[in-house]
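[1] predicted coordinates and the sequence they were generated for:
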Amino acid sequence: MALAVAQTRSVLFIKRKYLHALRKTCLWFSTNDTILADQRKPPPKTHLRKSQKKTTLTDLSWEERLSDVVTPLWRLSYDEQLELKLKHQERIMSQLSGYLSGELQSQSSLPVRTKLSFPVLPVLPSPVRDGYRNKSTFSVNRGVDGNPKTVGFYVGTGKKGNIVCVNGDHLLNMPEKHTRVARCYQDFIRLSSLEPCLLFYTGGHWREVTVRTNAEGHTMAIVYFHPQTLTPEEVVVHKAELLDYFTRGPGSVCQLHSLFFQESAMTRCTHEQSPYQLLHGQPHIYEEQLGFKFRISADAFFQVNQAAAEVLYSTVRQLCIPNPEEGGERTQFGGTLLDVCCGTGAIGIITSPRVDRIIGIELIEQAVEDARHNAALNNVLNCEFIPGKAEVVLPGVMSQLSSAGGGPVAAVVNPARAGLHYRVVRALRNQPNIRRLVYVSCKPDGDAMRNFRELCCAPDPMKKLTGEAFSPTLAVPVDMFPHTPHCELVLLFER
Ligand SMILES: C[S@@+](CC[C@H](N)C(=O)[O-])C[C@H]1O[C@@H](n2cnc3c(N)ncnc32)[C@H](O)[C@@H]1O
């Protein structure tokens, strides 16, 4: 009996210590689309308890170490994960409340707990918790056994020079289809006469592989390749070997719906910088969201968790254009919805029945083409998608909206982690017809916080922020990334 009590106490102690460490970690962790993998088989719970008793990092297996990097909450129950995420979001929103009330001065101020000036709802859970990722990017580097042709995820950092590439089959957020492609790609590059490209300046060719899947199980693989000094004719030979491996050879078990190849000498190239070459199959995959169908190109952004994206999108739609009886009669807002950083147009298209007009703005041309195609595919006629940087395009759109008679305008912004350019914030703030603005952020404590403050500060002619200030009125966190510390925050501003 005494022994059982002592054991329980020790597990509780370890759990508390672990939660404390995670809370600290959550302050600086950020969503990283390229290192996050999907995983299928978590180390069993019994294994977990043993690992909790271990004290040093080196006692952990490589799989556990990778899980701690990619899915650091894997040891916690899902309820514990949601509790932790809610506390983290509340802390960030209390920081925002502090800035707005003047209690906190600068972003470097210690995060003193300030009373929340608006409600933060409980985190909306992801309907799918395991194997949820529809996109994973696997790196190539030296494995645990020293083999430089290893495909997986990094433990360690380039800066410290201690990178080890660990296979991610066990990761909780990874679907089996993704790890199968990674395994096959590893077998393929091990058979290839070409070297892997570990560092751009040291040569080598085979780089990472991205895998995208949809709910129907279609699989798209994109292989990135550094041509170095190979001639185009030489590259053709290796492309043909890759194609043969995945269509007629052992890689055919992946049943690829699409195989793309991109020659790139940079970390990341758009389709315009270096075309995605279709070696096999269909150029797109399709996904359904809330009854609408979406085409996704190799280069386009799409939310990584399809089921949770539906939760996110219905939350955003309801906050942008509230419908008192969600699911009942549609209310017609009769104005314009600006969808800034619209990707393949999902938010605008899903909200289109409630508004007269949607204007989407997006940087990536392939995504804009997808958005236009998606509107037509769904018989949506009131959407217009404009390619370009929002900071360049939006000021012109605003003058059009003002001169067009000034109907009501709602705005949704969903930028990447770098947040919105100050010109975008200025244009939104200075457009008096916008009364509601929904900001969707995967990192609200980063650059987005600067945007929140610029939207809500007192008018400042020096910064050309002359429009009436917005106020945050509701925050809804949505868990898109189970087992990781991240979630999306949907923040409603009104004035
Ligand atoms: C987080 S994604 C959101 C996409 C979309 N709202 C969705 O849910 O699918 C951010 C998008 O912003 C785009 N983007 C990044 N910087 C931009 C800029 N300066 N102007 C316009 N779009 C930008 C990216 O290409 C990406 O598609």
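    All right, it came through fine. Residues are numbered from 1 along each chain as shown.
[2] how far does stretch 169-188 sit from the chain's center?
    Mean C-alpha position of stretch 169-188 versus that of the full chain (CA atoms, centre = their mean, to the nearest Å) differs by 19 Å.
[3] now do the buried residues in it.
    Burial within stretch 169-188, assessed by neighbour count using 16 or more other CB atoms under 10 Å, is assigned to 169-175, 177-188. The way it works is simple: take the backbone N, C-alpha and C, and place the C-beta from them, glycine included.
[4] what residues does this structure have near the ligand?
    When proximity is defined as CB under 6 Å from any ligand atom, the chain approaches the ligand at 301-303, 341-344, 346-347, 361-364, 367, 389-391, 414-416.
[5] for stretch 168-180, the averaged confidence score.
    Model confidence over stretch 168-180, given as mean pLDDT, is 97.
[6] could you do stretch 191-207 as well?
    Stretch 191-207 carries an average pLDDT of 93.
[7] could you tell me the end-to-end distance of that stretch?
    Using CA to CA, to the nearest Å, the end-to-end distance of stretch 191-207 comes out at 15 Å.
[8] list the contacts of it.
    With contacts defined as CB atoms under 8 Å, 6 or more residues apart in numbering, stretch 191-207 is touched by 140-142, 148-149, 189, 223-228, 230, 238, 241, 245, 264-265.
[9] try stretch 257-264
    So stretch 257-264 is contacted by 207, 218-227, 235, 239, 242-243, 246-247, 269, 273-285, 298 (CB under 8 Å, 6+ apart).
[10] please flag which of those sit within strands.
    The members of the contacts of stretch 257-264 that map onto strands under DSSP state E are 207, 219-225, 277-281, 285.
[11] now a PyMOL select for only the buried ones of these.
    A single PyMOL command selects the buried members of these (16+ other CB under 10 Å):
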select buried, resi 207+219+220+221+222+223+224+225+277+279+280+281+285
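[12] ok, now which ones touch the closest residue to residue 419 other than its chain neighbours?
    Leaving aside its sequence neighbours, residue 419 sits nearest to residue 447 (CB to CB, 6 or more residues apart in numbering; 3.2 Å). Listed by CB under 8 Å, 6+ apart, the contact partners of residue 447 are 417-419.
[13] pick out whichever of those sits closest to the ligand.
    Set against the ligand, the nearest of these by CB to the nearest ligand atom is residue 418 (7.1 Å).
[14] does the closest one sit in a helix, a strand or a coil?
    Using DSSP: H, G, I helix; E, B strand; the rest coil, the structure places residue 418 in coil.
[15] how close does it sit to residue 442?
    11 Å (CB to CB, to the nearest Å).
[16] who has more neighbours out of these two?
    It is residue 442, of residue 418 and residue 442, that has more neighbours when counted by other CB atoms under 10 Å, with 20 against 10.
[17] would you check how far apart that one and residue 168 are?
    Counting by CB to CB, the gap from residue 442 to residue 168 is 21 Å.
[18] and for residue 220?
    Using CB to CB, we find residue 220 at a distance of 18 Å from residue 168.
[19] pretty sure residue 471 sits against residue 458.
    No: between residue 471 and residue 458 there is no contact under CB atoms under 8 Å: 11.8 Å.
[20] low-confidence bits of the stretch 301-450 of the chain, can you list those?
    Applying pLDDT under 70 to the stretch 301-450 of the chain flags the ranges 324-333, 404-406.
[21] residue ranges of the strands in it, please?
    Remark: strands assigned in the stretch 301-450 of the chain by DSSP state E, counting those that start in this stretch are 336-340, 357-362, 383-387, 409-413, 434-441.
[22] in a markdown table, list those strands along with mean neighbour count.
    Compiled in a markdown table, the strands of the stretch 301-450 of the chain are given as follows (neighbours: other CB atoms under 10 Å):
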| stretch | mean neighbour count |
| --- | --- |
| strand 336-340 | 26 |
| strand 357-362 | 24 |
| strand 383-387 | 19 |
| strand 409-413 | 25 |
| strand 434-441 | 23 |
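[23] picking up where we left off before, just the buried ones from the residues of the chain next to the ligand, in ChimeraX syntax?
    One line in ChimeraX is enough to select the buried members of those, burial here meaning 16+ other CB under 10 Å:
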select :301,302,303,341,342,343,344,346,347,361,362,363,364,367,390,391,414,415
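[24] among the residues of the chain next to the ligand, which ones are in helices?
    The members of the residues of the chain next to the ligand that map onto helices under DSSP state H are 346-347, 367, 390-391.
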